[in-house]
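Got a predicted structure here, sequence first:
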Amino acid sequence: MREKLIIGNWKMNGSDAANAELVQGLVAEITDIEGVRIAICPPFPYLAQVRGLIAGTMIRLGAQNLSDRAEGAFTGEVGAAMLADLGCTFALVGHSERRSLYGESDAVVADKFAAALQAGLTPVLCVGETGDERREGTTHGVIARQLQAVVDKVGVSKIAKGVIAYEPVWAIGTGETASPDQAQEVHQALRQLLAAQDHSVADAVQLLYGGSVRADNAAELFAQPDIDGGLIGGASLSAATFASICRSA
Ligand code: PEP
């Protein structure tokens, strides 16, 4: 039985004061929740602050990105070991905003996944098709390519040391959520792609859905057999809404 996992991606939002209010609110809201792993991914500058705010709670810390390099002359980059040092458990890898706005290729994403594993972090590999790709009927080919690039880099057995988030690009931040059937269909395809290479990895790996998850649509999505939780963007910026989504899991 796979554990449910809910990860909040704050994106480039927050401030010292706003983070304190959000995290204190969240900590107060989730006291009744059991059996779900919860993590939040603030922007890099606030990782240390949020680490302090969540100390002693069930909430874990994650980063939204990391460098594909270990250390050295890479100005502006943040290495996996630094994130581990700051108390991160998770690191998002290949979020669609990184792929589309910052040109991250499948190869770079695979290097980042490997770098996260190397530092003992749990990489959360984001995959998903654009609206055009879905209309053209290439959804399965796109997610297979994105996943296989990482499998080729680290080997299939290492995939279960990470998490995979299926995030259809057309659903991220748009208010348009994949239907539970649409999401389940792609999650099942991801599991089958892995099963063709290693059954135990396919059974073990947690698959999250992301893309306009809200308090009122979370339960139905998380009830699907191959959906093990969610990656939550906008809705993770409200303590009450994010807690409600965690409760749905
Ligand atoms: C995300 O940023 O990963 C995401 C799923 O965003 P939203 O929930 O706002 O669609």
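Thanks, I have it.

switch to C-alpha atoms for all contacts and neighbour counts from now on
OK.

Kindly report the residues of this structure close to the ligand.
9, 171-173, 210-213, 231-235 (C-alpha under 6 Å from any ligand atom).

can you tell me which of these are in strands?
Here DSSP state E is the test, and these give Asn9, Gly210, Leu231, Ile232 as lying in strands.

thinking again about what came up before, so which of the residues of the chain next to the ligand sits lowest on pLDDT?
Within those, the minimum per-residue pLDDT falls on Gly173 (92).

How about the contacts made by it?
By C-alpha atoms under 8 Å, 6 or more residues apart in numbering, the contact set of Gly173 is Gly211, Ser212, Gly233, Gly234.

Surely the last one touches Trp10?
Yes: the pair formed by Gly234 and Trp10 meets the contact definition of C-alpha atoms under 8 Å, at 7.0 Å.

what are the ranges of the helices in this protein?
Assigned by DSSP state H, the helices in the chain fall at 16-29, 47-54, 80-85, 96-101, 106-118, 131-135, 139-154, 180-195, 199-204, 218-222, 239-248.

can you put these in a markdown table and add mean neighbour count?
Shown next, in a markdown table, are those (neighbours: other C-alpha atoms under 10 Å):
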| stretch | mean neighbour count |
| --- | --- |
| helix 16-29 | 15 |
| helix 47-54 | 18 |
| helix 80-85 | 20 |
| helix 96-101 | 14 |
| helix 106-118 | 23 |
| helix 131-135 | 14 |
| helix 139-154 | 18 |
| helix 180-195 | 18 |
| helix 199-204 | 16 |
| helix 218-222 | 21 |
| helix 239-248 | 21 |
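
okay if I get those helices as a markdown table plus mean pLDDT and distance to Asn65?
Output for those, formatted as a markdown table (pLDDT from 0 to 100; distance: least, C-alpha to C-alpha, whole Å):
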| stretch | mean pLDDT | distance to Asn65 |
| --- | --- | --- |
| helix 16-29 | 98 | 19 |
| helix 47-54 | 98 | 12 |
| helix 80-85 | 98 | 9 |
| helix 96-101 | 98 | 8 |
| helix 106-118 | 98 | 8 |
| helix 131-135 | 97 | 24 |
| helix 139-154 | 98 | 16 |
| helix 180-195 | 98 | 22 |
| helix 199-204 | 98 | 24 |
| helix 218-222 | 98 | 25 |
| helix 239-248 | 98 | 21 |
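
Can you tell me which of these is nearest to Met1?
helix 199-204 (8.3 Å; C-alpha to C-alpha).

Counting by contacts, list what that closest one packs against.
helix 180-195 (3 or more C-alpha pairs under 8 Å, 6 or more residues apart in numbering; DSSP states H and E).

Let me know how buried Ala196 is, in neighbour terms.
Look at Ala196: counted by other C-alpha atoms under 10 Å, it has 9 neighbours.

Having no further points to raise, I will conclude here.
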